[in-house]
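Participant: Here you go, sequence then predicted model.
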Amino acid sequence: MTLPFLIIIPLFGAFSMPIISLFGKKLKEYWALIISGATLGVAAKIFYTVWKTNEIILYTLGSESPIGKGVKFPIRIVWEVDLLGALLALTITFVGFLAVLYSLGYMKHDTGLEKYYTLILILELGMLGIVITGDIFNFYVFLEIMSIASYALVAFRNDTWEGIEAGIKYMFVGSVASSFILLGIALLYGQYGTLTMSYLSLKIAENPTIVAKVALAFFIGGLLFKSGAVPVHMWLADAHPAAPSSISAMLSGLVIKAGGVYAVARIVFSIFNPGLHAYLKAFNMPSINMEAVGWVIVFFACLTLLIGNAMAVVQTDMKRLFAFSSVGQIGYILLGIGIGTLAYGSRAGELALAGAIYHIVNHALIKALLFFVAGAVIHEVGTKNLNELSGLARKMPMTTLAFIIGAAAIIGLPPLNGFASKWIIYESSAMYNPILAAIAVVGTVFSLAAYTRVLFTFLGRESEKVKSAKEPEMSMLIPMLILVVAIVVMGLLPWQINDKIMLPTARMLEQLNGEYMVALLKFLGGA
Amino acid sequence: MIPLQFVTAFLMIFMGIYAFLYKRNLIKLILALNLIDAGIHLLLISLGYRLENGVLPTAPIYTGYETLKGTPMVGPIPQALVLTSIVIGVCVLSLAMALTINAYRHYGTLDVNKLRRLRG
């Protein structure tokens, strides 16, 4: 059983970090690298197992079976890993490992590094917990672990006003969002008396009450806050640029996905289960109107991808531009999830969901690369103002190459990985409703304008500030090059990846056979 | 009829949200966050407490439950949840206080309206 080690290893690594750092100056960096590397290995093994067997791993904490003694329903905490969870765990550990590697060079001049590495491992642990848990309160606990670590990391450079102000904003918005989610959990528990996600979905289908709908509204509201969808995106554009660049890469690439869109997908598909409710509706039984939920998600998605990308165009701060671009890309992922809910059971719905999952992975890699580039520029030149950065291409050719690859991939140029996922999202939205596809393409036009501006800055005439710039050191270049290779390789095999990994993942999440529930029902029969 | 403790819980949550939206002092905002949390905790705790046939439920201790068979028991899960949630709340509270102290050092004020150097 390798699953518990996904949590045990980073937890042990995080809290042994202060002790380890007593023994040597360089030791803490290598310890963080070893721990995150080991976690990457465990996640790869879990992903391979789930992908190979195409079966959900169900792990009960502290017992053989989740069913309580003498009762007929699950009372223990379960971890349920389907393909989506395993895929995200792999992405999280991969980008987390690269972020730690990048920190070796990038954070060299900072103090308090043992706290930094402790927090970065706790952040990774929280996200891993979110993607593997099958218990809704356990989900909340991991969400808070992740959130608290990220509040602290945004305000890590507490000698600058920027970090403190962004940290305060992020913390207040994030705490209120967490409270909404906790309120949703409390309402669901009060109504149905269980916390296990798969059992909850059965109970809700048996008796869909108004309380379940209110709880769903609280969940969606809170999670849209956390993922930075448009009416509530203002904290993201402050928090992500203020953090150190290695953390920005994790925040933009992973945190808004694991704690935001992934959780939306999990709650909409695994707890509220549009298939089950469409089935109930067909027989005129009481059901929740999941189509309305889908339209709500699509509405916010369209708003997000238009405004996020449009705001990116007018920014003069490079990291702020990337952060707004993250808001825009979250819009595409939400659009895929929304259409997956709306067109449930049809080819378009399945494709849209696969495209959303594909884009989660792709955007994690691309945005991590772009923030690494921004970090390298800040580290070498000392500014992130685009007006002072012209002509970097001569002095930092490798970094510029990495930026060009990343920008081309995020816009969606064909030989790179962003193309495939965006294409699938356009195609499925055009199949469902051409207007949505048109909106998505308009968003990409804004994105193109924003990145072209940065590209011209990089290739322009040399300014005073960049005269003394040089390439960053190896520990910062290597993660960028690994990401460039990953983006190009994934871009060369787009349809194979889609057919072999993303479509099965989407099918498993859609649970055409109700697999997420069946994994638990096995135990119910035997109890 | 809705039990009184549910009404109180939601009243606390709404008071917290009101304070969060209309108060401008950082300390008051932190209090507002705690008020929202406390309301949710009250809601969760009162979910486990039901007056059954006019009998008060006993405390959720499993060993004692064996001897007191027949009397209703308070749900143990909400209490475990609330304990966990209180611990999380303390973490957020301490982090918020630390950030507030830092903000006061940088800005010399606790007014959120003055913390506006970032655009957005």
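Facilitator: Structure's in. What do you need?
Participant: Residue A:75 touches residue A:62, doesn't it?
Facilitator: No - in this structure residue A:75 lies outside contact range of residue A:62 using Cβ atoms under 8 Å: 11.3 Å. Placement of C-beta: from N, CA and C, glycine included.
Participant: For the nearest residue to residue A:449 once chain neighbours are set aside, grab the count of nearby residues.
Facilitator: Using Cβ to Cβ, 6 or more residues apart in numbering or on different chains and skipping the chain neighbours, the partner closest in space to residue A:449 is residue A:313 (5.0 Å). Using other Cβ atoms under 10 Å in any protein chain shown, residue A:313 has 18 other residues around it.
Participant: which ones are touching residue A:313?
Facilitator: A:446, A:449-450, A:453 (Cβ atoms under 8 Å, 6 or more residues apart in numbering or on different chains).
Participant: How many neighbouring residues does residue A:241 have?
Facilitator: 28.
Participant: Does it belong to a helix, a strand or coil?
Facilitator: Three-state assignment for residue A:241 (DSSP: H, G, I helix; E, B strand; the rest coil): helix.
Participant: Nearest spatial neighbour of it, chain-adjacent residues omitted?
Facilitator: Spatially, and ignoring its direct neighbours in sequence, residue A:241 is nearest to residue A:319 (3.7 Å; Cβ to Cβ, 6+ apart).
Participant: What distance do you get for the most centrally placed residue in chain B to chain A?
Facilitator: Nearest to the mean C-alpha position of chain B, counting by Cα atoms, centre = their mean, stands residue B:38 at 2.0 Å. For residue B:38, the distance to chain A (Cβ to the nearest Cβ, to the nearest Å) stands at 10 Å.
Participant: if we can go back for a sec, which one of the contacts of residue A:313 sits closest to residue A:250?
Facilitator: Checking these against residue A:250 by Cβ to Cβ gives residue A:450 as the nearest, at 22.0 Å.
Participant: which helices and strands sit right next to the longest helix along chain A?
Facilitator: In chain A, taking DSSP state H as the definition, the longest helix is helix A:347-381. Here helix A:347-381 touches helix A:83-106, helix A:245-250, helix A:262-265, helix A:318-342, helix A:397-411, helix A:417-432, helix A:474-492, helix A:503-510, going by 3 or more Cβ pairs under 8 Å, 6 or more residues apart in numbering or on different chains; DSSP states H and E.
Participant: now the ones you listed as JSON lines including distance to residue A:291?
Facilitator: Putting the helices and strands packed on helix A:347-381 into JSON lines (distance: least, Cβ to Cβ, whole Å) gives the following:
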{"stretch": "helix A:83-106", "distance to residue A:291": "22"}
{"stretch": "helix A:245-250", "distance to residue A:291": "35"}
{"stretch": "helix A:262-265", "distance to residue A:291": "16"}
{"stretch": "helix A:318-342", "distance to residue A:291": "6"}
{"stretch": "helix A:397-411", "distance to residue A:291": "31"}
{"stretch": "helix A:417-432", "distance to residue A:291": "12"}
{"stretch": "helix A:474-492", "distance to residue A:291": "33"}
{"stretch": "helix A:503-510", "distance to residue A:291": "15"}
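Participant: hey, least reliable of those helices by pLDDT?
Facilitator: Across the helices and strands packed on helix A:347-381, helix A:503-510 has the smallest mean pLDDT, namely a mean of 78.
Participant: counting contacts, what elements does it pack onto?
Facilitator: Going by 3+ Cβ pairs under 8 Å, 6+ apart, helix A:503-510 lies up against helix A:83-106, helix A:347-381.
Participant: could you check the angle helix A:83-106 makes with it?
Facilitator: 120 degrees (axes from the mean of the first three to the mean of the last three Cα atoms, to 10 degrees).
Participant: nearest spatial neighbour of residue A:336, skipping sequence neighbours?
Facilitator: In space, residue A:336 is closest to residue A:356, 2.7 Å off (Cβ to Cβ, 6+ apart).
Participant: oh, I was asking about residue B:37
Facilitator: Using Cβ to Cβ, 6+ apart, the closest residue to residue B:37 is residue B:89 (4.8 Å).
Participant: neighbours around whatever residue of the stretch 301-450 of chain A ends up closest to chain B, how many?
Facilitator: Nearest residue of the stretch 301-450 of chain A to chain B (Cβ to the nearest Cβ) works out as residue A:320 at 8.2 Å. By the measure other Cβ under 10 Å, the count of residues near residue A:320 is 24.
Participant: Using PDB, write out every CA atom in stretch A:280-289.
Facilitator: Output of stretch A:280-289 as PDB, limited to C-alpha atoms (Å, rounded to 0.1, in the frame of the first residue of the first chain):
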ATOM      1  CA  LEU A 280     -34.000  10.800 -11.800                       C
ATOM      2  CA  LYS A 281     -35.500  13.700 -13.800                       C
ATOM      3  CA  ALA A 282     -36.300  11.400 -16.700                       C
ATOM      4  CA  PHE A 283     -38.500   9.400 -14.300                       C
ATOM      5  CA  ASN A 284     -40.100  12.500 -12.800                       C
ATOM      6  CA  MET A 285     -38.600  11.900  -9.500                       C
ATOM      7  CA  PRO A 286     -37.300  14.800  -7.300                       C
ATOM      8  CA  SER A 287     -33.800  15.800  -8.500                       C
ATOM      9  CA  ILE A 288     -31.400  18.700  -8.500                       C
ATOM     10  CA  ASN A 289     -31.400  20.600 -11.800                       C
END
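Participant: Low-confidence stretches in chain B?
Facilitator: Chain B contains residues with pLDDT under 70 at B:1-2, B:50-73, B:116-120.
Participant: about what we covered before: looking at residue A:75 and residue A:62, which has the bigger crowd around it?
Facilitator: residue A:75 (17 against 6).
Participant: how about the helices in chain B?
Facilitator: Ranges of helices in chain B, per DSSP H, are B:4-22, B:26-48, B:62-67, B:76-107.
Participant: looking at those, which is buried most?
Facilitator: Ranked by mean neighbour count, the helices of chain B are led by helix B:26-48 with a mean of 21 (mean count of other Cβ atoms under 10 Å in any protein chain shown).
Participant: Okay, angle between that one and helix B:4-22 too, please.
Facilitator: Using the same axes, to 10 degrees: helix B:26-48 against helix B:4-22 is 160 degrees.
Participant: now the angle from helix B:26-48 to helix B:76-107?
Facilitator: Computed by the same axes, to 10 degrees, the angle separating helix B:26-48 from helix B:76-107 equals 180 degrees.
Participant: Quick one: list the elements packing against helix B:26-48.
Facilitator: Against helix B:26-48 (3+ Cβ pairs under 8 Å, 6+ apart) you get helix A:161-192, helix B:4-22, helix B:76-107.
Participant: Turn the ones you listed into JSON lines, columns for distance to residue A:96.
Facilitator: Below are the helices and strands packed on helix B:26-48 laid out as JSON lines (distance: least, Cβ to Cβ, whole Å):
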{"stretch": "helix A:161-192", "distance to residue A:96": "20"}
{"stretch": "helix B:4-22", "distance to residue A:96": "33"}
{"stretch": "helix B:76-107", "distance to residue A:96": "21"}
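Participant: Among those, which comes closest to residue B:49?
Facilitator: helix B:4-22 (7.6 Å).
Participant: quick one: residue A:42 and residue A:2 touch, right?
Facilitator: Yes - the criterion here is Cβ under 8 Å, and residue A:42 meets it with residue A:2 at 5.6 Å.
Participant: Between those two, tell me which one has more neighbours.
Facilitator: residue A:42 (22 against 13).
Participant: check contacts around that one.
Facilitator: A:2, A:5-6, A:9, A:93.
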